[in-house]
Structure formats: structure tokens, C-alpha cells
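J.: Here you go, sequence then predicted model.
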Amino acid sequence: MNPLVIIPTYNEKENIEAIIRATFSQKIDFDILVVDDNSPDGTAKIVTALQKEFTTNLFIENRKEKQGLGIAYIHGFKWALKKKYDYIIEMDADFSHNPKDLERLYNACTINNTDVSIGSRYRNGKINVINWDFKRIVLSVFASKYVRFITKIPIYDTTAGFVCYKRKVLETINLDEIKFIGYAFQIEMKFKAWKHNFNIKEIDTIFTDRVKGKSKMSSGVISEAIFGVLKMTFNFKK
């Protein structure tokens with residue numbers, strides 16, 4: 001079965017068709033699952049129309065309301081496990097993650113015996129970010145360093161959202177016990193994969209800030225990441 005790329009969406013009409021076509025143009029045959037949180041801008045209608053062209057490898061799950069990135073991904077993970085996918089990749093809809101890097105993440109898991117491969121912005125002290133202002137870069141780098149310090153996790157980009165999971169990782173992590181619903185969801189998934197002794201590898205990728213559409217980042221998302229990490233670390237149980 002083809003590897004699956006999960007793309008969560010909320011008001012991504014400017015990007016969704018382009019990111020779908022870019023993903024399907026790669027050398028590897030990826031399936032795509034769009035998890036849409038009832039976007040009022042008609043994102044889901046665009047995907048549904050494209051299904052007439054991509055009849056066997058484009059899927060959509062329509063959710064009733066916007067409940068957070070983590071909940072959308074968990075919905076997608078459970079769908080993927082039910083459909084028997086062996087490799088599941090997270091990717092944003094806004095081209096901040098380059099679809100050309102999908103093959104590298106996938107190959108890290110299929111060829112190099114990696115359980116979780118991460119498209120990393122900050123590996124070994126690098127900062128591979130384009131079009132972010134200085135304040136946002138500092139905040140993001142600080143968040144990753146903070147998580148490394150508190151949890152001792154040997155990952156440089158703990159908040160990265162461009163990730164490939166082997167099926168067994170998602171089967172082992174209890175998805176119903178994931179606490180974070182915002183971007184800190186990415187931290188929790190990596191932390192639990194690490195605690196379960198899965199092999200994790202970071203791959204250098206360049207993150208480019210969105211050109212079209214609006215960012216979903218908020219102060220509440222940031223505070224969840226910073227203040228929830230301590231509780232997550234001390235309360236973890238396998």
C-alpha cells in the first residue's frame with residue numbers, strides 16, 4: 001500500500017489544490033488524506049472536486065468543527081491505522097513543508113530502518129527557516145531548546161510538524177491519551193515515541209513561511225507548549 005500523507009486544513013482554499021498536485025507529482029506514489037475542520041472558505045469542496053480526478057488516492061475526512069491540530073491529526077492517524085497504512089506522514093497545507101522532501105522522510109523509514117523521521121529546521125545548531133521575523137525565530141528556537149532541557153529528549157526540532165511515522169509507532173502510542181491539542185501535540189508525539197525507545201532521526205529541511213492564507217499560531221498555542229511540557233514529562237507512564 002502507498003504511504004499516506006495527512007494534511008489537516010482549516011481555511012486553506014488558496015493552497016489546498018496546489019499542495020495536493022505537488023504531492024502527487026513526486027516520484028513515490030503517496031496517498032493523501034485531508035482532514036478538514038469544517039472550513040467556512042470551502043476548502044473541503046475543492047478537495048471533493050479533485051477526487052473526481054484522483055479517484056483512488058485522495059481522501060477527505062470532514063469534521064464538524066475546529067478543535068485543534070492535534071485532534072485533527074489523531075483523527076487522521078486512527079483512519080490510517082484502520083486502513084492498514086504502514087507509513088504515515090504529517091505535512092502542512094501551506095507549503096511551509098516542501099513536498100519534494102517527502103521522499104527523504106519516507107526513505108529514512110523504509111531504507112534506513114528509522115521508526116520516526118523528522119523534517120528538522122534546527123539540527124546541529126542550524127536555523128533553516130525562510131520568511132520568519134526575528135521574534136518568531138527566537139521563540140521557536142527557544143521552545144525547542146526548552147523542551148530538550150526539560151525532557152532530555154535528543155531531538156533538536158521538537159516542535160516540527162513534518163514527520164513520518166512507521167505504523168508500529170502509532171500503534172504503540174496510546175492516541176487516546178494524547179493531552180495536547182495545539183502545536184505542542186508535536187512535542188508530545190515525539191516525546192512518547194522516544195520514551196518507547198523508537199529509533200528517531202532528524203533530516204535537514206528548509207521551512208518556508210506561508211505565502212497565502214493566514215497562520216493559525218496564537219499565544220495560547222505557545223503557552224501550551226511551554227507550560228505543558230513539565231507536566232507531560234513528570235506524568236509520563238508507558
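T.: Nice, thanks for sending it over.

J.: quick one: the residue in the chain sticking out farthest from the centre from residue 58, how far?
T.: The centre of the chain is farthest from one residue, residue 52, which by Cα atoms, centre = their mean lies 26.3 Å away. From residue 52 across to residue 58, the span is 10 Å (Cβ to Cβ, to the nearest Å). (Glycine included, C-beta is placed from N, CA and C.)

J.: thinking residue 37 is in contact with residue 61, fair?
T.: No - with contact taken as Cβ atoms under 8 Å, residue 37 and residue 61 are classed as non-touching, separated by 9.9 Å.

J.: Looking at the two, which is more packed in?
T.: Set side by side, residue 37 and residue 61 give different neighbour counts by other Cβ atoms under 10 Å, the larger being at residue 37 (22 against 17).

J.: how close does the more buried one sit to residue 181?
T.: Counting by Cβ to Cβ, the separation of residue 37 from residue 181 is 12 Å.

J.: joint contacts of the two?
T.: Common neighbours of residue 37 and residue 181, using Cβ atoms under 8 Å, 6 or more residues apart in numbering, are residue 67.

J.: Who are the contact partners of the closest residue to residue 27 other than its chain neighbours?
T.: When the adjacent residues along the chain are set aside, residue 27 lies closest to residue 103, with 6.2 Å between them (Cβ to Cβ, 6 or more residues apart in numbering). Taking Cβ under 8 Å, 6+ apart, we find residue 103 in contact with 26-28.

J.: Skipping its backbone neighbours, what lies nearest residue 202 in space?
T.: Taking Cβ to Cβ, 6+ apart as the measure, residue 202 lies nearest to residue 120, with 3.8 Å between them; neighbours along the chain are not counted.

J.: Pull the contacting residues for the one you found.
T.: With contacts taken as Cβ under 8 Å, 6+ apart, residue 120 has the following neighbours: 128, 155-157, 160, 202-205.

J.: could you flag which of those are buried?
T.: 155-157, 160, 202-203, 205 (16 or more other Cβ atoms under 10 Å).

J.: which residues of this structure score low on pLDDT?
T.: Under the criterion of pLDDT under 70, the regions of the chain flagged as low confidence span 210-226, 230-231, 234, 237-238.

J.: one more time with 90
T.: For the chain, applying pLDDT under 90 flags the ranges 1, 64-69, 112-113, 122-150, 159, 179-184, 206-238.

J.: List every C-alpha atom in the helix or strand encompassing residue 135, with coordinates, as CSV.
T.: Residue 135 is part of helix 134-151, with elements assigned from DSSP states H and E. The C-alpha trace of helix 134-151 is given here as CSV (Å, rounded to 0.1, in the frame of the first residue of the first chain):
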residue,chain,number,x,y,z
PHE,A,134,13.4,37.6,14.2
LYS,A,135,10.9,37.4,17.1
ARG,A,136,9.3,34.2,15.8
ILE,A,137,12.6,32.5,15.1
VAL,A,138,13.9,33.2,18.6
LEU,A,139,10.6,32.0,20.1
SER,A,140,10.7,28.8,18.1
VAL,A,141,14.3,28.0,18.8
PHE,A,142,13.9,28.8,22.5
ALA,A,143,10.9,26.4,22.6
SER,A,144,12.9,23.6,21.2
LYS,A,145,15.8,24.2,23.4
TYR,A,146,13.5,24.4,26.4
VAL,A,147,11.9,21.1,25.6
ARG,A,148,15.3,19.4,25.2
PHE,A,149,16.4,20.8,28.5
ILE,A,150,13.3,19.7,30.5
THR,A,151,12.7,16.3,28.9
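
J.: got the buried residues for it?
T.: Residues of helix 134-151 classed as buried by neighbour count (16+ other Cβ under 10 Å): 140-141, 143-144, 146-148, 151.

J.: Equivalent analysis for stretch 67-76, please.
T.: 68-76.

J.: which residues touch that stretch?
T.: Taking Cβ under 8 Å, 6+ apart as the rule, stretch 67-76 contacts 6, 8, 33, 35, 37, 61, 63, 88, 90, 161, 175, 178, 180-185, 188, 216.
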